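Enquirer: here is my input, please return the structure:
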Amino acid sequence: MNVPYRKPFDQRFVFNVTVSHMQRCITNSIEKTFNRIHEFEGDPEKSTELFKTLGMLHSMRNQLNQMVANTGELK
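Expert: Got it, this is the predicted structure:
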């Protein structure tokens, strides 16, 4: 009887790749948002929105870093 080939599964690998992609996306969003600060110098409403967005992105990054630190057994 033929046994079909099964790709190996490694929880640590999946976790690390996912976290890596999430970190890259958050960093990319922070950089792109930060680079637009000059566009809204004369618009206090948009400036406020931009800085709130940056704050939320930094918070997301911190939460992700905390999650990784608390999930040390997968590293």
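
Enquirer: poorly predicted segments of the protein, please.
Expert: Along the chain, the model assigns pLDDT under 70 to residues 1, 73-75.

Enquirer: longest helix of it?
Expert: The single longest helix within the chain, with elements called by DSSP state H, is helix 44-70.

Enquirer: check which residues of that helix are buried.
Expert: Buried residues in helix 44-70, defined by neighbour count with 16 or more other Cβ atoms under 10 Å: L50, L57, M60, R61, V68. Any C-beta I mention is one placed from the backbone N, CA and C, and that applies to glycine too.

Enquirer: as CSV, those with distance to Q11 would be great.
Expert: Formatted as CSV, the buried residues of helix 44-70 follow (distance: Cβ to Cβ, whole Å):
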residue, distance to Q11
L50, 38
L57, 27
M60, 23
R61, 23
V68, 14
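
Enquirer: return the member of those residues nearest to R24.
Expert: Distance to R24 across those (Cβ to Cβ) is lowest for R61, with 10.9 Å.

Enquirer: what sits closest to that closest one if chain neighbours are left out?
Expert: Closest residue to R61 apart from its sequence neighbours, by Cβ to Cβ, 6 or more residues apart in numbering: I26 at 4.9 Å.

Enquirer: I'd say that neighbour and L57 touch.
Expert: Yes - proximity of I26 to L57 meets the contact threshold set by Cβ atoms under 8 Å, at 5.9 Å.

Enquirer: who touches both of these two?
Expert: Common contacts of I26 and L57 (Cβ atoms under 8 Å, 6 or more residues apart in numbering): none found.

Enquirer: circling back: could you count how many residues lie near the residue nearest to R61?
Expert: As a burial measure, I26 scores 19 neighbours (other Cβ atoms under 10 Å).

Enquirer: against P8, how distant is it?
Expert: 29 Å (Cβ to Cβ, to the nearest Å).

Enquirer: same question, C25
Expert: 26 Å.

Enquirer: neighbour count winner among the two?
Expert: Between C25 and P8, C25 has the larger neighbour count (other Cβ under 10 Å), namely 12 against 5.
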